[in-house]
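Asker: from the sequence below, what's the structure:
(2 chains)
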Amino acid sequence: MNLENCLLCLALVASIGVFQSGLTSVYAVGNDDSNAKEIGAWGIDNYSDNPSYPPPNNYLRYATEEAQGFYDRMVEKGFTPRFGYYNYSAWESDFEKQSVGGNDYIYADSCDFVYFAGHGWTDHFAFGGNHDGDGAYPFKAYSTFGSAEVDWGDQDMEWIFISASHSLEEFPYEWDPAFHSPITLHGIGGFHTGPGDTWESSHTGSYFVLFATEGGESIYSAWRDATIEWQESGYCGAMYSVYVVYPPPQPTVHYRNEHLPGVADGMYPDPPPPGGVAIYKEYTKWQC
Amino acid sequence: MEWPSTKNIPNGNVEVVKINRISKIALSFLLITTAVGSLYFGFTQFWRQRAFKILLPSLGRGTTGNGYVMATLNCSLPEIPDKLPFLRVVRQDYTDAEAKSMAADVFEMTGELHVTRPVISLNGTVVRVANGTQTLEMYEDGALRFMPNFQEAGYNIVLPELSQARGIAGQFIDRFLKKAESSCLKPNCSLQIVLSEVDYACWYAIEPSPTVPVEIRVSYRVLYNAIPLIFKGSFYVTIGDSGKILEFRCYWRNVEPADPLSITVTPEQAIENMGNNSDIVGRNPLQVREISINSVQLGYFTPSPLLGTDKFLPAYEIMFVATFEDGSQSTYETYVSSTIASIPY
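Answerer: Numbers count the residues shown, from 1 in each chain, chains lettered A, B, ... in the order given. The predicted structure is shown next:
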């Protein structure tokens, strides 16, 4: 084989590789499921530089402890620690998409399971420092219908838990754009009302992990039980998750019923590309 | 005696009319009722209008400029004893055989029963009995959790009326108590079970369809010597589609009275200090305008059985409604120790 043919072969192989990666990226760019156990936790108690929380309302007491509880327990159960960022190390750009100057592809969206604990509201969760990529929504990872700084699942993220006030209020249209299209994010755990900021409530993150691993519970049951055990009964936990209806006789798939990797039947494959199936997001809230 | 009265007639003349006997009796009744009513409401207004200044260290944002928020009392305050014994938790372990026997005899679990001890509590053992479709969990401190049926939430769920749910739960509890009486599941102390609330407890939605309730929770208070186990010491039955029981969370505990503790904190002090004890509206970032207190009760602070606490201390449970800067209102509960000992909250 002469040099020209060798070059041609190499070029062909390289182009096929590039072409194939281009095809797969149509569905989920860089969706790296080679390690489905990567985790990240972000927690903020110190809001002293955030003008939305002037003194003396600028400190939470147990948010970092709660996020750290999730992180430590996941690592103990064999998950791969990627990021544990707290207070000034926790940046909003860690959650924001590249097109608004964010780095979610390096940070939050490069983890399979993400936990955030801190302040927030129906359309955002809040940070202590200003690291907004384009300056549009400083101190916030913001999402509302038609205008979102977040776009999760195009890399690795499967589940995110947002332990912030009213993070998943009824009909959370605000978080609709957070699901990358086509959908690869499986769901979001959060609160309809609450959460608390007490020593008791700080157990929510670590016990979610215990229920979902040692307890063998599904992600929905584990999140629900963690909120019921550790939050005041006046609050409501919530979950927003993907639900796929396949043509009969294939069964419908509720992603909230999946388990953490290595537990029971583990995770479900990502939702299929659109066409031939109906993909919904279902919302459940419960009294704690 | 005849009581004259007057009335204007169209032509401007005044006609003296006499009130008949029935009218007099009716008028007297009305006056007495009004007087008694005024006295009653006058007295109740006394506590209704009581106001407290509560310092909210983490929520003082623009409240009154000094971190205080006004709280109105809408309830009576409890009378408190000088001393109250704290409760010591009596632990017990269950052998696999005992666990299986209780699952079969008390909860009528059938089929092959598997016993495991999952480490879902960092501070104690949980014994789990499962038969593939039903699960019973037993904690060392006497708490129980039974899950007889699984329900996939959706729009096809038909719930019973709340009154029917109450009946279903009542029957289940009666049956459970009768069967538990002769087993080691029943705490060795005298506990009272009192119905406290029947309401929807889980809701489902797929946009843009409406949110619908899919579960009903029938809750009971557990009382020891007429004092409730507060926070996570309750007892509830969750009812789903067609009245099926989904979960029975029986968080009563096996306790014995221990040393008496002096109640050093009055209910008034508990209200005034409740803002110092914890972040009373959780992580809600909105500014609190005012607080309306609807219930103050002395109880035993009872954490989740997963915490493995060895004693339950007297504390106040304060239920209140917070009104925020945007006019929205939310109901909250908070807990304040009634002794010098701090509670794990």
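Asker: what bits of the chain have low per-residue confidence?
Answerer: No chain in the question, so chain A it is. Along chain A, the model assigns pLDDT under 70 to residues A:1-33, A:56-57, A:172.
Asker: was after chain B, sorry
Answerer: B:1-20, B:24, B:33-49, B:55-67, B:277-279.
Asker: quick one: list the elements packing against the helix or strand encompassing residue B:219.
Answerer: Residue B:219 is part of strand B:212-224 when elements are defined by DSSP states H and E. Strand B:212-224 sits against strand A:278-287, helix B:162-181, strand B:191-206, strand B:227-231, strand B:235-239, with contacts defined as 3 or more Cβ pairs under 8 Å, 6 or more residues apart in numbering or on different chains; DSSP states H and E. Yep, even glycine has a C-beta here, placed from its N, CA and C like the rest.
Asker: which residue ranges of the stretch 151-288 of chain A form strands?
Answerer: Along the stretch 151-288 of chain A, counting by DSSP state E, counting those that start in this stretch, strands occupy A:159-163, A:187-193, A:236-245, A:253-254, A:278-287.
Asker: any chance of CSV for the ones you listed, columns mean neighbour count and distance to chain B?
Answerer: Formatted as CSV, the strands of the stretch 151-288 of chain A follow (neighbours: other Cβ atoms under 10 Å in any protein chain shown; distance: least, Cβ to the nearest Cβ, whole Å):
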stretch, mean neighbour count, distance to chain B
strand A:159-163, 28, 8
strand A:187-193, 26, 6
strand A:236-245, 23, 7
strand A:253-254, 20, 7
strand A:278-287, 20, 4
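Asker: can you list these in a markdown table and add distance to residue A:210?
Answerer: Formatted as a markdown table, these follow (distance: least, Cβ to Cβ, whole Å):
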| stretch | distance to residue A:210 |
| --- | --- |
| strand A:159-163 | 14 |
| strand A:187-193 | 15 |
| strand A:236-245 | 16 |
| strand A:253-254 | 23 |
| strand A:278-287 | 19 |
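Asker: closest one to residue B:155 among those strands?
Answerer: strand A:278-287 (9.9 Å; Cβ to Cβ).
Asker: list the helices and strands that closest one packs on?
Answerer: helix A:219-230, strand A:236-245, strand B:191-206, strand B:212-224.
Asker: of the ones you listed, flag the one that's most buried.
Answerer: Of all these, helix A:219-230 carries the top mean neighbour count, a mean of 24, counting by mean count of other Cβ atoms under 10 Å in any protein chain shown.
Asker: ok, is that one in contact with chain B or not?
Answerer: Yes. Helix A:219-230 reaches chain B (Cβ under 8 Å from any Cβ of the partner chain) through A:229, A:230.
Asker: number of nearby residues for residue 76?
Answerer: Reading this off chain A. Residue A:76 has 12 neighbours, counted by other Cβ atoms under 10 Å in any protein chain shown.
Asker: please go with chain B instead
Answerer: As a burial measure, residue B:76 scores 12 neighbours (other Cβ under 10 Å).
Asker: before we move on, back to that, CSV for the helices and strands packed on strand A:278-287, including distance to residue B:21?
Answerer: Output for the helices and strands packed on strand A:278-287, formatted as CSV (distance: least, Cβ to Cβ, whole Å):
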stretch, distance to residue B:21
helix A:219-230, 65
strand A:236-245, 61
strand B:191-206, 48
strand B:212-224, 52
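Asker: spatially nearest residue to residue A:276 (excluding sequence neighbours)?
Answerer: residue A:247 (6.6 Å; Cβ to Cβ, 6 or more residues apart in numbering or on different chains).
Asker: look up phi and psi at that neighbour.
Answerer: Backbone geometry at residue A:247, expressed as degrees, to the nearest 10, gives phi -60, psi 140.
Asker: can you count the residues close to it?
Answerer: 8.
Asker: swap in residue B:155?
Answerer: Neighbours around residue B:155, by other Cβ under 10 Å: 12.
Asker: tell me the strands beside the strand holding residue B:219, with direction?
Answerer: Here strand B:212-224 is paired, per DSSP bridges, with strand B:191-206 (antiparallel), strand B:227-231 (antiparallel), strand B:235-239 (antiparallel).
Asker: what's the angle from the first one to strand A:278-287?
Answerer: Angle of strand B:191-206 versus strand A:278-287, following axes from the mean of the first three to the mean of the last three Cα atoms, to 10 degrees, is 160 degrees.
Asker: where's the residue nearest to residue A:167 when sequence neighbours are not counted relative to residue A:116, distance?
Answerer: Counting by Cβ to Cβ, 6+ apart, residue A:190 is the residue found nearest to residue A:167 once chain neighbours are left out, at 3.7 Å. Here residue A:190 is placed at a distance of 9 Å from residue A:116 (Cβ to Cβ, to the nearest Å).
Asker: which residues do these two both contact?
Answerer: Residues touching both residue A:190 and residue A:116 (Cβ atoms under 8 Å, 6 or more residues apart in numbering or on different chains): A:161, A:162, A:163, A:164.
Asker: wait, which of these is closest to residue B:311?
Answerer: Within the shared contacts of residue A:190 and residue A:116, the smallest distance to residue B:311 is 29.2 Å, found for residue A:163 (Cβ to Cβ).
Asker: tell me the contacts of that closest one?
Answerer: Neighbours of residue A:163 in contact, by Cβ under 8 Å, 6+ apart: A:63, A:66-67, A:115-118, A:190-191, A:195, A:204-205, B:283.
Asker: let's see that with 7 Å instead.
Answerer: Residue A:163 is in contact with A:66, A:116, A:117, A:191, A:195, A:204, counting by Cβ atoms under 7 Å, 6 or more residues apart in numbering or on different chains.
Asker: what is the burial count for the second one?
Answerer: What it means is residue A:116. Using other Cβ under 10 Å, residue A:116 is surrounded by 31 other residues.
Asker: now the helices for the chain?
Answerer: I'll assume chain A. A:3-27, A:63-76, A:204-212, A:219-230 (DSSP state H).
Asker: wait, chain B was what I had in mind.
Answerer: Listed in chain order, the helices of chain B (DSSP H) span B:21-48, B:96-105, B:162-181, B:267-277.
Asker: the third one - contacts with which helices or strands?
Answerer: If you count contacts as 3 or more Cβ pairs under 7 Å, 6 or more residues apart in numbering or on different chains; DSSP states H and E, helix B:162-181 packs onto strand B:191-206, strand B:212-224, strand B:235-239.
Asker: highest average neighbour count across the helices of chain B?
Answerer: Mean neighbour count (mean count of other Cβ under 10 Å) peaks for helix B:267-277 among the helices of chain B, with a mean of 19.
Asker: isn't residue B:310 up against residue B:89?
Answerer: Yes. In this structure, residue B:310 is within contact of residue B:89 by Cβ atoms under 7 Å, at 5.1 Å.
Asker: higher neighbour count, the two?
Answerer: Neighbours were counted for residue B:310 and for residue B:89 using other Cβ under 10 Å; residue B:89 has more, 20 against 13.
Asker: which bits of the stretch 1-150 of chain A sit near chain B?
Answerer: A:52, A:53, A:54, A:56, A:57, A:59, A:60, A:61, A:119, A:121 (Cβ under 7 Å from any Cβ of the partner chain).
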